[in-house]
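Student: Prediction below, plus the sequence it came from.
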Amino acid sequence: MTGMHIHPSILSADFARLAEEIARVDNSDAIHVDVMDNHFVPNLTMGVPVVKAIRAATEKPLDIHLMIEDADRWAPDYADLGAESVTFHVEASGAPIRLARELRARGSKAAMALKPATPIEPYMDMLTELDMVLLMTVEPGFGGQSFLDVVLPKIRRARQAIEDAGVPIALQVDGGVAPDTIERAAEAGANVFVAGSAVYSADDPAQAIDDLRALARDAQS
Ligand SMILES: O=C(CO)[C@@H](O)[C@H](O)COP(=O)(O)O
Ligand SMILES: [Fe+2]
């Protein structure tokens, strides 16, 4: 497995000072941006204009997590604005293989997310179309929820499938990632960790990132 990556979620940052909040986590591997439409999830955050402003405000890679209906229609716009990776939910896509190809064609990495109760097995054969799989470890919609241990077996099965496919697909977890949970996720096979409240509620967010990364590296399977 390759390096362990920490992506702070700005959902837990001060939205009135986003550029400064992003500058506080300069030792992160990418910035995780949660786009919610109040349809796919019961919460509303931001859309293309705000993400464009974030793109202009930092040189960090942007990891866009789309929690929106009709991902096939909207996800390509986020690739066009210069996101490093665009993650759509499989539950919100009518044609996930076509969409993944479209994202790659527009210069972004293609990533697909699964809610906690969505099985990975139906999608095993399309892993090679993806650069990253996101396994949600909370029900999407809000920061500050507790990590769902029930997802750990799915992380293990996804890691095995990625190894079997023999392609360098990242395995991301998102939700409830904190010092007391990240080791379990890393042992199970995750290598990209989104952390919102664990980073932005810390007195020193950059130190919190270094600590999380060290815990993940030590626990690496
Ligand atoms: O996508 C989501 C929530 O739906 C996340 O990215 C949250 O922002 C993670 O927050 P914490 O659970 O780490 O506080
Ligand atoms: Fe997220």
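Tutor: Sure thing, it's come through. Ligands and ions are numbered 1, 2, ... in the order given.
Student: how much space between the spatially closest residue to residue 38 that is not a sequence neighbour and residue 175?
Tutor: Excluding its sequence neighbours, the residue lying closest to residue 38 (C-beta to C-beta, 6 or more residues apart in numbering) is residue 44, at 4.1 Å. No exception for glycine: its C-beta is placed from N, CA and C like everyone else's. Applying C-beta to C-beta, to the nearest Å, the value for residue 44 to residue 175 is 18 Å.
Student: Kindly report the same for residue 139.
Tutor: Distance from residue 139 to residue 175, by C-beta to C-beta: 8 Å.
Student: any residues in contact with both of the two?
Tutor: Counting by C-beta atoms under 8 Å, 6 or more residues apart in numbering, the common neighbours of residue 139 and residue 175 are residue 145.
Student: okay, those two: which has more neighbours?
Tutor: residue 175 (26 against 14; other C-beta atoms under 10 Å).
Student: Residue 133 belongs to a helix?
Tutor: No - with DSSP: H, G, I helix; E, B strand; the rest coil as the criterion, residue 133 is located in strand rather than a helix.
Student: Pull the number of nearby residues for it.
Tutor: By other C-beta under 10 Å, neighbour count at residue 133 equals 26.
Student: My read is that it contacts residue 127, right?
Tutor: Yes - between residue 133 and residue 127 there is a contact under C-beta atoms under 8 Å: 7.0 Å.
Student: just checking, what packs against the helix or strand harbouring residue 159?
Tutor: For residue 159, the host element (DSSP states H and E) is helix 152-165. On a contact count with 3 or more C-beta pairs under 8 Å, 6 or more residues apart in numbering; DSSP states H and E, helix 152-165 meets strand 132-136, strand 170-174, helix 182-188.
Student: Quick one, which of these gets closest to residue 214.
Tutor: Of all the helices and strands packed on helix 152-165, helix 182-188 sits nearest to residue 214, with 9.8 Å by C-beta to C-beta.
Student: Could I get the contacting residues of the closest residue to ligand 2 within the chain?
Tutor: As assessed by C-beta to the ion, ligand 2 sits closest to residue 65 within the chain, at 3.7 Å. Residues counted as contacts of residue 65 (C-beta under 8 Å, 6+ apart) are 9, 32-35, 87, 113, 134, 174, 194.
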